[in-house]
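[1] here is a sequence together with a model predicted from it:
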Amino acid sequence: MLLNCDLGESYGAWTMGQDTKAMAHIDQANIACGFHAGDPVVIQNTLALAKAHGVMVGAHPAYPDLVGFGRRSLNCSGAELQALLHYQIAALDGMAKAQGLHLAYVKPHGALYNDMMTKPDILARVMEAIASYPLPLRLMLQATGQWLEHQAAADQLGLKLYFEAFADRAYEDDGRLVARSKPGAVHDHKGMLEQVKQLLNKGTITSINGKVLELKVDSLCVHGDNDAGIAAIHEIRALLEQSS
């Protein structure tokens with residue numbers, strides 16, 4: 001199982017996350033493309049950091065929402081959604097090539113990710129946009145009980161997927177994330193490590209109501225926003241190495 005982390009989310013004078021500390025312990029960097037965070041210098045520096053640590057590079061596109069950090073849904077047409085995805089992917093693809101790097105996948109951010117996972121028409125548009133980009137890229141999306149359906153839809157487009165789980169987030173009985181507005185949506189440190197151990201040892205997650213969910217997981221999302229997050233990445237990396 002791989003570890004992925006959202007990085008490159010600083011912007012101008014605003015610093016977000018501890019990218020240097022996180023990058024040394026992950027496998028995949030989801031790099032902001034400028035629509036919710038990130039600017040050309042931040043993108044350039046984050047790519048250089050990924051290159052130095054041999055980390056796989058992924059585009060982390062969002063709705064055009066710098067003020068809301070990409071956490072607000074926008075009512076985009078299908079054509080608009082494809083264009084804003086291609087625009088952001090192309091920006092990261094070009095800057096990666098300038099450093100001799102290869103863009104490998106796309107993981108939508110924030111509201112776009114949530115919309116993709118709850119609205120089949122948006123997921124279909126996202127899949128079509130990535131499949132039609134002139135570079136073979138994978139789509140990273142949440143592992144749910146519908147993973148076989150998602151895989152079948154991707155197969156029709158010749159699109160490969162990475163299914164991800166979240167180390168620190170609680171799950172509903174249907175395999176979706178508990179909304180952050182609800183109590184218990186985010187695990188404490190102990191709960192997070194227990195969830196990771198269960199995934200590694202049994203391939204399952206226990207929902208907030210006690211239902212055991214079997215999930216196909218290729219990559220585990222971790223967060224490096226603060227010192228506690230960095231320490232957690234260290235511990236999760238150790239658990240992965242022990243299980244391999």
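    Now that the structure is in, tell me what you want to look at.
[2] report the contact partners of the closest residue to residue 33 other than its chain neighbours.
    Of all residues not flanking residue 33 in the chain, residue 88 sits nearest, at 3.6 Å (Cβ to Cβ, 6 or more residues apart in numbering). Every residue, glycine included, has its C-beta placed from N, CA and C. For residue 88, the residues meeting the contact criterion (Cβ atoms under 8 Å, 6 or more residues apart in numbering) are 33, 34, 35, 59, 61, 62.
[3] in the host helix or strand of residue 201, what's buried?
    Assigning secondary structure by DSSP states H and E places residue 201 in helix 189-202. The neighbour-count check on helix 189-202 (16 or more other Cβ atoms under 10 Å) flags 192, 193, 195, 196, 199, 200 as buried.
[4] in its sheet, what does the helix or strand just after it sit against?
    Sequence-wise, the next helix or strand beyond helix 189-202 is strand 204-206, with elements assigned using DSSP H and E. Take DSSP bridges as the rule and strand 204-206 pairs in its sheet with strand 212-214 (antiparallel).
[5] so what's the gap between the strand it pairs with and the chain middle?
    Its chain's C-alpha centre and that of strand 212-214 lie 21 Å apart, by Cα atoms, centre = their mean, to the nearest Å.
[6] name the surrounding residues that touch whichever helix or strand comes after it.
    Once the chain leaves strand 212-214, the next helix or strand it forms, by DSSP H and E, is strand 219-222. Residues from elsewhere that reach strand 219-222, judged by Cβ under 8 Å, 6+ apart: 1-6, 22, 26-28, 140, 162-168, 196, 199, 229, 232-233, 236, 240.
[7] chain neighbours aside, what residue packs nearest to the residue most central in space within the chain?
    The structure's the chain has its C-alpha centroid closest to residue 107; by Cα atoms, centre = their mean the separation is 4.7 Å. Ranked by Cβ to Cβ, 6+ apart and with sequence neighbours excluded, the top spatial neighbour of residue 107 is residue 140, at 3.8 Å.
[8] sec struct for the one you found, please.
    strand (DSSP: H, G, I helix; E, B strand; the rest coil).
[9] quick one on the thing from earlier: what is the rounded mean pLDDT of the helix holding residue 201?
    Mean pLDDT, helix 189-202: 94.
[10] what do you get for stretch 20-28?
    When pLDDT is averaged over stretch 20-28, the result is 95.
[11] confidence-wise, which helix or strand of this protein is lowest on average?
    Least confident element among the helices and strands of the chain, by mean pLDDT, DSSP states H and E: helix 227-243 (a mean of 90).
[12] quick one: it to helix 189-202, angle?
    When axes from the mean of the first three to the mean of the last three Cα atoms, to 10 degrees is applied, the directions of helix 227-243 and helix 189-202 differ by 20 degrees.
[13] contacting residues around helix 227-243?
    Contacts made with helix 227-243 from outside it, assessed by Cβ under 8 Å, 6+ apart, are listed as 1, 3, 5, 18, 21-22, 25-26, 167-168, 189, 192-193, 196-197, 200-201, 220, 222-224.
[14] over to stretch 153-165?
    2, 4, 28, 105, 107, 123-124, 127-128, 130-131, 136, 138-143, 147, 150-151, 199, 205, 215-221.
[15] where along the protein do the strands fall?
    Along the chain, the stretches classed as strands by DSSP state E are 2-7, 28-32, 56-60, 103-106, 138-142, 161-166, 204-206, 212-214, 219-222.
[16] so which of those strands gets nearest residue 69?
    Among the strands of the chain, the nearest to residue 69 by Cβ to Cβ is strand 28-32 (9.7 Å).
[17] can you list the strands that the closest one pairs with?
    Applying DSSP bridges, strand 28-32 is found paired with strand 2-7 (parallel), strand 56-60 (parallel).
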